[in-house]
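Visitor: no sequence for this one, just the structure:
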């Protein structure tokens, strides 16, 4: 019996929903507006998962730093608030 490898397992709900959902018409808008809304003439180049992981780590660090700065503000410390909410750190 052949079991598919994990990379061969792929579920796409689009396969089932696309026949019922109308086509996106963003391509008819002016080019700057359609680009801002996510329409691209050509697909993006694929990148590896290492740069994605590095950007995710940077985003997590920056988000935690912003929340830490927010919770160190005088109006929160003066009201007896926590230094930082623990659920944001984990």
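Guide: Looks like it arrived, so ask away. Predicted, not measured: the structure shown is a model, and the values here were computed from it. Residues are numbered from 1 along each chain as shown.

Visitor: please make it C-alpha for all contacts and neighbour counts, starting now.
Guide: Noted.

Visitor: contacting residues for residue 70?
Guide: Listed by C-alpha atoms under 8 Å, 6 or more residues apart in numbering, residue 70 has no contact partners.

Visitor: next, the buried residues of the strand or helix carrying it.
Guide: Residue 70 belongs to helix 49-71 when assigned by DSSP states H and E. For helix 49-71, a neighbour-count test (16 or more other C-alpha atoms under 10 Å) marks 64, 67-68, 71 as buried.

Visitor: what's the first helix or strand after it?
Guide: Helix 49-71 is succeeded, C-terminally, by helix 74-77 (DSSP H and E).

Visitor: show me how far that next one is from its chain's centre.
Guide: Put simply, helix 74-77 sits 31 Å off its chain's centre (C-alpha atoms, centre = their mean, to the nearest Å).

Visitor: so where's the chain shaky on pLDDT?
Guide: The chain contains residues with pLDDT under 70 at 1-9, 81-90.

Visitor: geometric centre of the protein: which residue is closest?
Guide: residue 56 (9.0 Å; C-alpha atoms, centre = their mean).

Visitor: what sits against that residue?
Guide: If you count contacts by C-alpha under 8 Å, 6+ apart, residue 56 has none.

Visitor: where's it relative to residue 13, distance?
Guide: Separation of residue 56 from residue 13 (C-alpha to C-alpha, to the nearest Å): 25 Å.

Visitor: and for residue 78?
Guide: Distance from residue 78 to residue 13, counting by C-alpha to C-alpha: 49 Å.

Visitor: what do you get for residue 36?
Guide: Applying C-alpha to C-alpha, the value for residue 36 to residue 13 is 25 Å.

Visitor: and stretch 31-45, what's buried?
Guide: residue 39.

Visitor: from the chain's centroid, how far away is that stretch?
Guide: Here the centre of stretch 31-45 is set off from its chain's centre by 17 Å, with C-alpha atoms, centre = their mean.

Visitor: likewise stretch 31-50?
Guide: 14 Å.
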